Structures are given as structure tokens and as C-alpha cells.
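# I would like the atomic coordinates for the input below:
(one chain, ligands or ions: 1)
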Amino acid sequence: MLLTISTTYSPATDLGYLLHKHPARIQSFTLPFGQAHVFYPEARTEKCTAALLLDVDSVGLIRRSRGQFAENFALSQYVNDRPYVASSFLSVAISRVFGSALSGKCKERPELVKTEIPLSASLSILPCRGGEKLLRRLFEPLGYTIEAERHTLNTRFPEWGDSRYFTVTLEKTCSLSELLTHLYVLMPVLDDEKHYWVGDAEVAKLLKHGNNWLTAHPEQESIVLRYLKHQRKLTREALAQLREDDAQETDESGQAQEEQVEERIGLNEVRLAMVTEVLKQCDARRVLDLGCGEGKLLRKLLAEEQFEEIVGMDVSHRILKIAQERLHYDRLPDKQKKRLRLFQGSLGYRDKRLSGYDAAAVIEVIEHLDVPRLAAFERVIFEFTCPRTVVLTTPNIEYNVKFENLEAGPFRHRDHRFEWTRNEFQSWASDVAKRFGYTVAFHPIGPESEGVGPPTQMAVFTREGYDYKDS
Ligand code: SAH
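As a prediction, this is how the structure comes out:
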């Protein structure tokens, strides 16, 4: 099985730095299933080609796993296409032999790693279950130009028809690591087979290598299903994570956009300062920040000694990781660390971990919820979590006319499912308060403008019968 990678980038011999393999040498590597050899059929300044030749020792493989195969003898274990085709064996060889290039590392020429260079990869034989159609559906959305030659099953008997084997050349101007990553994931997908056990680790591997491109790929489902050897549970897990990442990506870019829109009036800072003040005033000691995002409010709360226990919860694992980094959680002194906890959870579901707190902040979150999910959210907060104070903020849509260019459309953020007028917000909040036994007070946040009110609106709910002076 032969894979060649060529570039016409100048000087093309830089390919040697990227692959960490010197163009003048032939190198061999022993892998658990055979030998891999790397050499350069051509290494000129104008064009350079590296070849990875994989010699799969299929007989050795079976002998080494005698125990496993002994009772299960089948001729197909000895006579099969594995040594001759691009399969998961080649993916493993890429990760072992070109590991640094795959993960985009290059000590000697770090600037080269991100450089987009004209690349061409040729696979001598690529099995495609799903034919050329699938081959194109997988690689074309990623921007590749594809040349594919299908082989007949047996040239002596053309009437037997076509085989599933293709000789394929893929061309794209991109970083080498991108090309290798696509090959690494998609070769076993086209082959629809893997030579090893597929478990949770494989989901993690897919998410790692699929980062950036798999979330938006139109064939996402079939890629995940085939990559995970059709294991439904693992597939469901991987797809759920990819979709969450996708939502979060939209959310993060939208978040930046919203912040830009609001930044001119320093709204975020004012909002967080006011929320902190309300939480202080209501004498809360143990507080929740629900939908905490990157943890800006958490940072403010940490600075106030009054708050003995602070919890940040968000639906997105990814944003929680960002929060952890921004708060330098790992480097916090023990005393501070003990006060702060971050965990993943959704406001759509009752969650025992949220019980027993004095106050909850839900800052700029409800507008991200689908309207039909609001009823569940209301019960989670006011019936099950039921802290004595709930501070909730949301944009006032009336104020949007004051923002010069709202690229997101009618809303400040493209993930917002709705934004409310002051009337809409107040009637929703008053109704919720009445149904769940709270009183509610409204406060403007940010500079109020005639006729349209403030940019942010805040509701402070207090559980009925509670007077903080009693506590
Ligand atoms: N409160 C933060 C972040 C607001 S952005 C701030 O004011 O800066 C909205 C946040 O709500 C995002 O981080 C998003 O991941 C989170 N979110 C959206 N739906 C959620 C849900 N159902 N449960 C918990 N968090 C949710």
C-alpha cells in the first residue's frame, strides 16, 4: 500500500521539515502489524514527493493472535485485501510515522505548520464502500479536487464488473496537518472497517481529529457512524458532542459580536457590577451562576469575601473549560479553590446539585432557550432549585434601534431565540413570580434612552415570606 504526498510550494523540500523526515534518507519503522518505509521519489526545489509504503504482515498478525483466531479459523484471515489497500492500518501508520505532522508540530520551522501549501495526496488503492459518489461527498465539501480511477474486479473477466477499489488523487491548498487529518479519519470511513476494537477512546480520537471540520460537514452522521464501526451508543455520544460544539461555536462567535455591539456603552461591566451588588445586598452566601459562560461574573463574585460558595454551571463543556482557564482555576490558592465549583448541566432539567443555595444569577441566558423550553426552565429554577433570590437579565429589544449596525439581524446575537420588550419581559416575569410564590422587582441596566428604555432589563425575584433581615 502506497501513499504519496507532493507539494510544489517553494522550496518544495520544506516538506521534509514538515514531515520530520529527511528527503535524502530512507527510513523504516516497525509497527504492530508490519513495516512502514518513508522515502522521497523526488526532492527538488520545485516539487517534492514523500512516499509512505506500508507492508502489512497479515500472516504475522494472525500468528501473533493465535489464541484469538485458533477456534475461528477462516481462510479470509489469510487471503484478504488488507495488505494492499488504504485502511485503518494506514491511518495508524500515519499517526505513528508522521505523528508530529499530523498534530501540526514542527520544532525547526514552526511558521511552516500553519502555512497553506499546494498539496496532492495519491493513494494507490483506496477501497470505497459507497463508490465514487461517497468519495466525492466526503472530500469535496472539504475543498478537495478529486481524481478517481475505478478498478475492474478482474481485468481477465471484465464481465464481472467494477470493484470497490479506486486509485485516488486528492488536491488542496492547505496545511499538511489538515490533509493528514482528513486522510486519517476518512480512509477507514470509506473502507467502512477497522482492524481494532472501537470504544470510548475512539470517540475522543474522532472529536480531537474532527475538531474544526466535522461539526459542519454535510456527511457528519455517516462519517461518525462508520468511524465508530456502527456502534450506535458511541455514535450518539459523538454526535451529541459535535452538535454541542457546533452550537457553542456559533454561540462564541455570536457572543463576541454581541459584546462588540454592547461594548461602546460598557454594558457588560455595568451589568455584572449591578448583579454583584444585588447578590451582596440580599445577603447571599452560597450563590449559583447559571449559564455562567466564560466566568466573568464568577471572577467578580470570587473577589467578594461574602460569597462562601460559588457555583458556575453551563450546558457547554467547552465554555466551562474556557472559564476554568480564564479564572486560572488550577493556580488558585486552596482557599479560593474551595469556594468555587464549575460543572456542566442544563437548565432544561431538574438537577439536585442546584438545591440549597441562597441565590441564583441567570445573566443573559433565557434568550438562548427555545420558547417551548421556557416552561421547563421556569420549573427548574423556581420550583426545584428555588433559591430565595433569583437575579435574571435579558436584552431589551426596544433599545436595539440605538445600535448602529446589528449584523445578527433583529437580535443582538444570532443564537438568540427571542428578545423581549419591557412589557413582554415584565408580564412573563410577573406571571412566573405569581405561579411560583415569588415577588419581583424590575431594574434598568445601562443608559436609559427616551421612548425605548435601557439596553438590558433585570428582574430580581424574592421568595415570598422571606425577609433577608430574618436570616
Ligand atoms: N452569563 C454569561 C454568559 C451568557 S451567554 C454572561 O453574562 O457573560 C449564554 C450562556 O448560556 C452560554 O454560555 C450558554 O452555553 C449557556 N446556556 C445556553 N443554554 C443553556 C442551558 N439550557 N443550560 C445551561 N446553560 C445554557
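# what about stretch 359-369, how long is it end to end?
21 Å (C-alpha to C-alpha, to the nearest Å).
# now swap in stretch 358-375 and tell me
One end of stretch 358-375 sits 22 Å from the other (C-alpha to C-alpha).
# make 375 the starting number, not 1.
Let's use 375 as the start, then, which means that last one is stretch 732-749.
# which SS class is residue 786?
coil (DSSP: H, G, I helix; E, B strand; the rest coil).
# so it is in contact with residue 769, correct?
Yes: assessed by C-beta atoms under 8 Å, residue 786 is found in contact with residue 769 at 5.6 Å. The way it works is simple: take the backbone N, C-alpha and C, and place the C-beta from them, glycine included.
# quick check: neighbours shared by these two?
Shared contacts of residue 786 and residue 769 (C-beta atoms under 8 Å, 6 or more residues apart in numbering): residue 793.
# show me where the stretch 725-845 of the chain has strands.
Ranges of strands within the stretch 725-845 of the chain are 733-737, 763-769, 812-819, 830-837, based on DSSP state E, counting those that start in this stretch.
# make a markdown table out of these and add mean pLDDT and distance to residue 690.
Putting the strands of the stretch 725-845 of the chain into a markdown table (pLDDT from 0 to 100; distance: least, C-beta to C-beta, whole Å) gives the following:
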| stretch | mean pLDDT | distance to residue 690 |
| --- | --- | --- |
| strand 733-737 | 98 | 15 |
| strand 763-769 | 98 | 19 |
| strand 812-819 | 96 | 24 |
| strand 830-837 | 97 | 22 |
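# make TSV out of those and add mean neighbour count and distance to residue 573.
Shown next, in TSV, are the strands of the stretch 725-845 of the chain (neighbours: other C-beta atoms under 10 Å; distance: least, C-beta to C-beta, whole Å):
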stretch	mean neighbour count	distance to residue 573
strand 733-737	24	38
strand 763-769	25	42
strand 812-819	16	47
strand 830-837	22	46
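# rebuild the ones you listed as TSV, extending it with distance to residue 593.
Listed next are the strands of the stretch 725-845 of the chain as TSV, based on distance: least, C-beta to C-beta, whole Å:
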stretch	distance to residue 593
strand 733-737	38
strand 763-769	37
strand 812-819	45
strand 830-837	42
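# nearest to the ligand, out of those?
Nearest to the ligand among the strands of the stretch 725-845 of the chain is strand 733-737; the distance by C-beta to the nearest ligand atom comes to 3.8 Å.
# any chance of the backbone angles for residue 376?
phi -130, psi 130 (degrees, to the nearest 10).
# ok, it touching residue 424?
No: contact criterion C-beta under 8 Å: residue 376 and residue 424 do not qualify, at 11.2 Å.
# which residues of the stretch 725-845 of the chain score low on pLDDT?
Scanning the stretch 725-845 of the chain for pLDDT under 70 picks out the ranges 779-783, 841-845.
# which positions in it make contact with the ligand?
Residues of the stretch 725-845 of the chain lying near the ligand by C-beta under 6 Å from any ligand atom: 737, 738, 739, 742, 743.
# now do residue 804 against residue 485, distance only.
Distance, residue 804 to residue 485, by C-beta to C-beta, to the nearest Å: 59 Å.
# residue 376 and residue 424: which has the busier surroundings?
Between residue 376 and residue 424, residue 424 has the larger neighbour count (other C-beta atoms under 10 Å), namely 24 against 15.
# gap between the more buried one and residue 564?
Residue 424 sits 22 Å away from residue 564, going by C-beta to C-beta.
# ok, now which ones touch the nearest residue to residue 656 once chain neighbours are set aside?
Nearest non-adjacent residue to residue 656, counting by C-beta to C-beta, 6 or more residues apart in numbering: residue 763, 4.4 Å away. When contacts are counted by C-beta under 8 Å, 6+ apart, residue 763 is found next to 652, 653, 656, 658, 732, 733, 734, 834, 835, 836, 837.
# spit out the contact partners of the residue of the stretch 375-524 of the chain found nearest the ligand.
Nearest residue of the stretch 375-524 of the chain to the ligand, counting by C-beta to the nearest ligand atom: residue 515, 27.0 Å away. By C-beta under 8 Å, 6+ apart, the residues touching residue 515 are 591, 592, 593.
# switch to 7 Å and redo it
591, 592 (C-beta atoms under 7 Å, 6 or more residues apart in numbering).
# residue 480 is nearest to which of the strands of the stretch 725-845 of the chain?
Closest to residue 480 of these, according to C-beta to C-beta: strand 733-737, at 42.5 Å.
# quick one, that closest one and strand 763-769 angle?
0 degrees (axes from the mean of the first three to the mean of the last three C-alpha atoms, to 10 degrees).
# for strand 733-737, name the packing helices and strands.
Packing partners of strand 733-737 (3 or more C-beta pairs under 7 Å, 6 or more residues apart in numbering; DSSP states H and E): helix 641-655, strand 660-664, strand 763-769.
# residue ranges with poor pLDDT in the stretch 575-724 of the chain?
619-635, 637-639.
# and the helices in it?
594-601, 606-637, 641-655, 670-676, 691-700, 708-713 (DSSP state H, counting those that start in this stretch).
# next, residue 409: phi, psi?
Backbone torsions for residue 409, taken as degrees, to the nearest 10, come to phi -120, psi 140.
# so it is in contact with residue 402, correct?
Yes: Residue 409 sits in contact with residue 402 when judged by C-beta atoms under 7 Å, with a separation of 5.9 Å.
# any idea how far apart the tips of stretch 738-752 sit?
This stretch, stretch 738-752, spans 15 Å end to end (C-alpha to C-alpha).
# so how far is that stretch off the chain centroid?
Offset of stretch 738-752 from its chain centre (C-alpha atoms, centre = their mean, to the nearest Å): 23 Å.
# may I see the buried residues of it?
Buried residues in stretch 738-752, counted by 16 or more other C-beta atoms under 10 Å: 738, 739, 740, 741, 742, 743, 748, 751, 752.
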